[in-house]
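Visitor: how would this look folded up:
(one chain, ligands or ions: 1)
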Amino acid sequence: MTKARKRKQPIVSSLSSNATSSIAAQGCRNVIRQYHVLLKRRKQLENDQQLHEQSLADIEARIHALGGLERYQQLSALGQREERGGGSQKVLVNWLKELNVHHSYDNRRKLRLLEVGALKPDNFLSSSSWIDCMPIDLHSRHPKIVEQDFLLLDEKQHLNRWEAISLSLVLNFVPVPKDRGRMLQLAHKILVPGGFLFLVLPLPCVANSRYLTFDSLKNLMGSIGFSEKRARWRKNGKMAYWLYQKTSTSKVSGGSFCQKVVLRSGQRNNFAILLTEDVEREDT
Ligand SMILES: C[S@@+](CC[C@H](N)C(=O)[O-])C[C@H]1O[C@@H](n2cnc3c(N)ncnc32)[C@H](O)[C@@H]1O
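Guide: Numbering: from 1, shown residues only. As a prediction, the model looks like this:
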């Protein structure tokens, strides 16, 4: 009798329990990393005066070969599954509860949360009695997720509209340091005074960057007008989480945090966040 052959599952598309093995997780991380590298390279080529169309076409083809944004999101969603510890929203909700924020809201007046980079429409379902979440993403995977680039939000329309904003694993997706800064500054502008910003980054973005340290991030956020309420990471862990509160007006001026400064040497990554001098200052 011939032995029934087991069909091999491709590492990245399988949603079976195989996918939760550490080898599969490593495979996912590798693809996600390659995707980030290609996004950065594409942005560099787009900005290059002597644009090599051939190179750009090559990058596009490689992004396409990896499966594009849809595949990237599919792999990222694997990381959000319960067996891998679930999504970061648990950390945000727990922190808000620790700060007793939930006591100020109820079914009639819920906390208005803008979730940027939402892979699922119902991440905050278990807190829906006091959180009203609007999920947005560059590419919507569900009718309830609004397809919207956060960086292109109409600032005036969103002014003072949000009591909390979540940027979980979004800043590191953005390839240009100035756009990362713009994201944080825009979040500050559209939050109500006292509003909360939840930030999640892969730990190496801060723990092993040439241009960013935990202290410099705290100062950079302070200059935008955020004070750090909570921070969490583990040595040798994968993720770092922060909760900030909008406590003051922005004080970004005089070039601090507006250009790259090497803070540490050695074998490190180039993750950086650059701010733009306050528009309000330019207006006055
Ligand atoms: C790694 S996934 C993060 C998913 C989820 N928030 C989490 O914590 O696991 C990054 C998501 O951010 C989205 N994204 C990146 N830049 C964005 C932007 N400017 N506006 C809206 N969504 C963005 C991407 O499309 C992608 O779905």
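Visitor: what's near enough to touch residue 115?
Guide: 89, 123, 124, 133, 134, 135, 136, 165, 166, 168 (C-beta atoms under 8 Å, 6 or more residues apart in numbering). From N, CA and C alone the C-beta is placed, and that goes for glycine too.
Visitor: Now, those that are in helices?
Guide: Residues of the contacts of residue 115 located in helices (DSSP state H): residue 89.
Visitor: need the contacts of residue 115 in JSON lines with neighbour count, can you?
Guide: Shown next, in JSON lines, are these (neighbours: other C-beta atoms under 10 Å):
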{"residue": "89", "neighbour count": "24"}
{"residue": "123", "neighbour count": "24"}
{"residue": "124", "neighbour count": "23"}
{"residue": "133", "neighbour count": "22"}
{"residue": "134", "neighbour count": "16"}
{"residue": "135", "neighbour count": "24"}
{"residue": "136", "neighbour count": "17"}
{"residue": "165", "neighbour count": "26"}
{"residue": "166", "neighbour count": "27"}
{"residue": "168", "neighbour count": "23"}
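Visitor: Save the contacts of residue 115 as JSON lines, and put in distance to the ligand too.
Guide: As requested, those are arranged in JSON lines below (distance: C-beta to the nearest ligand atom, whole Å):
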{"residue": "89", "distance to the ligand": "8"}
{"residue": "123", "distance to the ligand": "8"}
{"residue": "124", "distance to the ligand": "12"}
{"residue": "133", "distance to the ligand": "12"}
{"residue": "134", "distance to the ligand": "12"}
{"residue": "135", "distance to the ligand": "9"}
{"residue": "136", "distance to the ligand": "6"}
{"residue": "165", "distance to the ligand": "11"}
{"residue": "166", "distance to the ligand": "7"}
{"residue": "168", "distance to the ligand": "3"}
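Visitor: buried residues in the longest helix along the chain?
Guide: For the chain, the longest helix by residue count, based on DSSP H, is helix 22-47. Going by neighbour count (16 or more other C-beta atoms under 10 Å), the buried part of helix 22-47 is 24-25, 27-28, 31-32, 35-36, 38-39, 41-42, 45.
Visitor: out of those residues, who's nearest the ligand?
Guide: residue 32 (7.1 Å; C-beta to the nearest ligand atom).
Visitor: What residues does this structure have near the ligand?
Guide: Selection of the chain residues close to the ligand by C-beta under 6 Å from any ligand atom yields 69, 73, 76, 79-80, 87-88, 116-117, 119, 136-139, 149-151, 168-170, 173-174, 200.
Visitor: filter those to the buried ones?
Guide: 69, 73, 76, 79-80, 87-88, 116-117, 119, 136-138, 150, 168-170, 173-174, 200.
Visitor: gap between residue 259 and the ligand?
Guide: Per C-beta to the nearest ligand atom, to the nearest Å, residue 259 is found 23 Å from the ligand.
Visitor: picking that back up, just the residues of the chain next to the ligand: which are in strands?
Guide: 116, 136, 137, 168, 200 (DSSP state E).
Visitor: In those, find the pair that's most separated.
Guide: Farthest pair in these (C-beta to C-beta) is 136 and 200. Separation: 16.1 Å.
Visitor: what about the closest residue to residue 42 other than its chain neighbours, which SS state?
Guide: Among residues not flanking residue 42 along the chain, residue 59 sits closest, at 4.7 Å (C-beta to C-beta, 6 or more residues apart in numbering). With DSSP: H, G, I helix; E, B strand; the rest coil as the basis, residue 59 sits in helix.
Visitor: Lovely, talk soon.
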